[in-house]
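Engineer: The following comprises the amino acid sequence and a computationally predicted model.
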Amino acid sequence: MTRRIAILISGRGSNMVSLIEAAHAADFPAEIALVLSNRPDAGGLDRARQADIEALAIDHKAYSSRESFEQALDASLRERNIDFICLAGFMRVLTPWFVERWAGRMLNIHPSLLPLFRGTHTHQRALEEGVLVHGCTVHFVVPELDAGPIVAQAVVPVVPGDTEDTLAARVLMQEHALYPQALRLICEGRARLEGGKVVFTNAWSAEGSLRSPK
Ligand code: GRF
């Protein structure tokens with residue numbers, strides 16, 4: 001069964017593009033049905049339209065409260081029978097109301113090996129701490145920021161001379177590979193949220209949820 005996916009963005013949308021490209025594969029279990037941005041000027045909106053995907057801006061500044069903005073988001077998603085949401089650089093904190101409505105059906109990608117470095121400036125903080133491995137995580141979204149159950153992770157080495165930019169670029173390459181892999185796991189029912197934990201089926205293979213480049 002092909003699942004209908006909405007990708008929520010706020011910016012350039014490079015992860016969005018990687019999901020769109022992955023979904024072109026004939027055996028991919030999902031179609032990207034909608035791209036939504038809270039910022040009308042997000043570069044990713046044009047990139048989605050170029051790929052013939054409906055791209056909507058719902059400007060949070062046009063709403064008087066977080067709740068009314070989220071009600072508009074939720075209505076657009078439901079009108080289009082969306083099954084799963086992928087947050088990809090979506091820079092609005094979502095209220096528990098919205099998160100609960102999409103519990104087990106909303107993923108996020110975060111540029112660190114969670115639970116390390118929640119929040120922003122993850123690459124800078126990784127360099128400051130002197131970690132030798134860094135990476136990215138796809139997780140289910142829960143009300144607490146960057147705290148949801150982990151679906152997939154990719155490990156990236158930190159190398160001597162790395163700057164925030166070189167490290168960010170190395171992690172981003174892995175994000176682009178990891179997010180489609182994780183979405184596939186979820187859409188094929190090989191990983192799901194149960195009792196606050198990610199449960200993998202017997203068909204789970206480490207290949208799907210762990211990327212560990214040299
Ligand atoms: C990525 O680094 C992602 O991990 C984080 O925001 C960034 C979005 O980049 N959540 P892009 O818009 O997908 O290029």
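Structural biologist: The structure has been received and is ready for your questions.
Engineer: What is the neighbour count of Glu129?
Structural biologist: Using other CB atoms under 10 Å, Glu129 has 11 neighbouring residues. For glycine as for every other residue, the C-beta is placed from the backbone atoms N, C-alpha and C.
Engineer: Distance check, it against Arg39.
Structural biologist: According to CB to CB, to the nearest Å, Glu129 and Arg39 sit 31 Å apart.
Engineer: Isn't Ser112 up against Val133?
Structural biologist: No: Ser112 is beyond contact range of Val133, at 10.6 Å (criterion: CB atoms under 8 Å).
Engineer: and those two? which has more neighbours close in?
Structural biologist: Shown here are Ser112 and Val133; by other CB under 10 Å, Ser112 has more neighbours (23 against 12).
Engineer: so what's the more buried one closest to, chain neighbours aside?
Structural biologist: Closest residue to Ser112 apart from its sequence neighbours, by CB to CB, 6 or more residues apart in numbering: Thr122 at 4.0 Å.
Engineer: give me the number of residues near the one you found?
Structural biologist: Neighbours of Thr122 (other CB under 10 Å): 24.
Engineer: how close does it get to the ligand?
Structural biologist: From Thr122 across to the ligand, the span is 8 Å (CB to the nearest ligand atom, to the nearest Å).
Engineer: quick one: pLDDT of that residue?
Structural biologist: You'll see Thr122 listed with a pLDDT of 98.
Engineer: Does the longest helix seen in the chain reach the ligand?
Structural biologist: Secondary structure of the chain per DSSP state H: the longest helix is helix 164-187. Yes: residues of helix 164-187 are located near the ligand by CB under 6 Å from any ligand atom, namely 172, 175.
Engineer: Identify each buried residue in that helix, please.
Structural biologist: 167-168, 170-176, 178-187 (16 or more other CB atoms under 10 Å).
Engineer: I'd like the next helix or strand past it.
Structural biologist: strand 191-194 (DSSP states H and E).
Engineer: avg pLDDT for that following strand?
Structural biologist: 94.
Engineer: Could you list every helix and strand in contact with it?
Structural biologist: Packed against strand 191-194 by the contact rule (3 or more CB pairs under 8 Å, 6 or more residues apart in numbering; DSSP states H and E) you find helix 164-187, strand 197-200.
Engineer: how far out from the middle of the chain is the shortest one?
Structural biologist: Pointing back at strand 197-200 there. 17 Å (CA atoms, centre = their mean, to the nearest Å).
Engineer: Correct me if wrong: Trp102 contacts Val141.
Structural biologist: Yes: assessed by CB under 8 Å, Trp102 is found in contact with Val141 at 7.3 Å.
Engineer: between these two, who's got more neighbours?
Structural biologist: Between Trp102 and Val141, counted using other CB under 10 Å, the more crowded position is Val141 (25 against 19).
Engineer: Isn't the residue nearest to Ser112 up against Pro111?
Structural biologist: Yes: at 4.9 Å, Thr122 counts as touching Pro111 under the criterion of CB under 8 Å.
Engineer: Could you pull out the residues contacting both of these two?
Structural biologist: The overlap between the contact sets of Thr122 and Pro111 (CB atoms under 8 Å, 6 or more residues apart in numbering) is empty.
Engineer: To Thr2, which of the helices and strands packed on strand 191-194 lies closest?
Structural biologist: Nearest of the helices and strands packed on strand 191-194 to Thr2, taken as CB to CB: helix 164-187 at 8.2 Å.
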